[in-house]
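In: quick one, fold the following:
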Amino acid sequence: MLAKLKYAVVGGVAAAVMAGAMLVAPVSAQETFSESHIAAAKAAINATRAAETFDNILPDVAEQTRTLFIRSNPAMSAEIDVVVNEVALQMVSRRGELDQVIYEVWARRFTEAELKQIAEFYNTEAGKKLAGLGGELSALSIGAAKQWGDVIATDMVAIAREQLAKMQAQ
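Out: Alright, predicted model coming up:
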């Protein structure tokens, strides 16, 4: 049963990787970037801390894999834990594959000069502060937008209800 599960997991992961590769490959095949353009993208990404968003992918995938195998064979949970941890550690070196794709995504959307300007700003005190607070600012902004939307929705319903009542009364 564990062997069947292994092939199902590998097949699912392989399908996801192939789908992702199909989305990226045609564009990558059409464009090439100079080393300095990629270096500028890397500098901008590092300065903005944009790639940190993806730091949890490998641990999350390892946890999902661990859970998947343990559900099918709880008696082997200790062995599964050891194997999944070993495999996850082996895959750490593959992070560069993701980074390269991200560099190309940025290089495709920004000129080398723009990337240098971005990196320059994010290496200032204000830029470093913005990069450090980016996630928090996004979460707080999303929360504020949701709260505002809830208030607007309540007000809209109340006003529409009032106006409809007036129309029915006429």
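
In: remind me which helix or strand Gln168 belongs to.
Out: Assessed by DSSP states H and E, Gln168 sits inside helix 125-169.

In: what helices or strands is that helix leaning on?
Out: Applying 3 or more C-beta pairs under 8 Å, 6 or more residues apart in numbering; DSSP states H and E, one finds that helix 125-169 contacts helix 35-48, helix 112-122. Backbone N, C-alpha and C define where each C-beta goes, glycine included.

In: next, Phe33: secondary structure please.
Out: When classified by DSSP: H, G, I helix; E, B strand; the rest coil, Phe33 comes out as coil.

In: ok, it - contacts?
Out: Going by C-beta atoms under 8 Å, 6 or more residues apart in numbering, Phe33 touches Ala41, Glu104, Ala107, Arg108.

In: buried members of these into ChimeraX, please.
Out: Selection of buried members from the contacts of Phe33 for ChimeraX, criterion 16 or more other C-beta atoms under 10 Å:
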select :41,104,107
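
In: in JSON lines: the contacts of Phe33, plus distance to Phe54 and secondary structure.
Out: JSON lines is the format used below for the contacts of Phe33 (distance: C-beta to C-beta, whole Å; DSSP: H, G, I helix; E, B strand; the rest coil):
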{"residue": "Ala41", "distance to Phe54": "15", "secondary structure": "helix"}
{"residue": "Glu104", "distance to Phe54": "15", "secondary structure": "helix"}
{"residue": "Ala107", "distance to Phe54": "17", "secondary structure": "helix"}
{"residue": "Arg108", "distance to Phe54": "18", "secondary structure": "helix"}
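
In: export the contacts of Phe33 to TSV and tack on distance to Gln147 and pLDDT?
Out: Converted to TSV, the contacts of Phe33 look like this (distance: C-beta to C-beta, whole Å; pLDDT from 0 to 100):
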residue	distance to Gln147	pLDDT
Ala41	36	96
Glu104	38	97
Ala107	38	97
Arg108	36	97
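
In: which one of the contacts of Phe33 sits closest to Ser138?
Out: Ranked by distance to Ser138 (C-beta to C-beta), the contacts of Phe33 are led by Ala41 at 21.7 Å.
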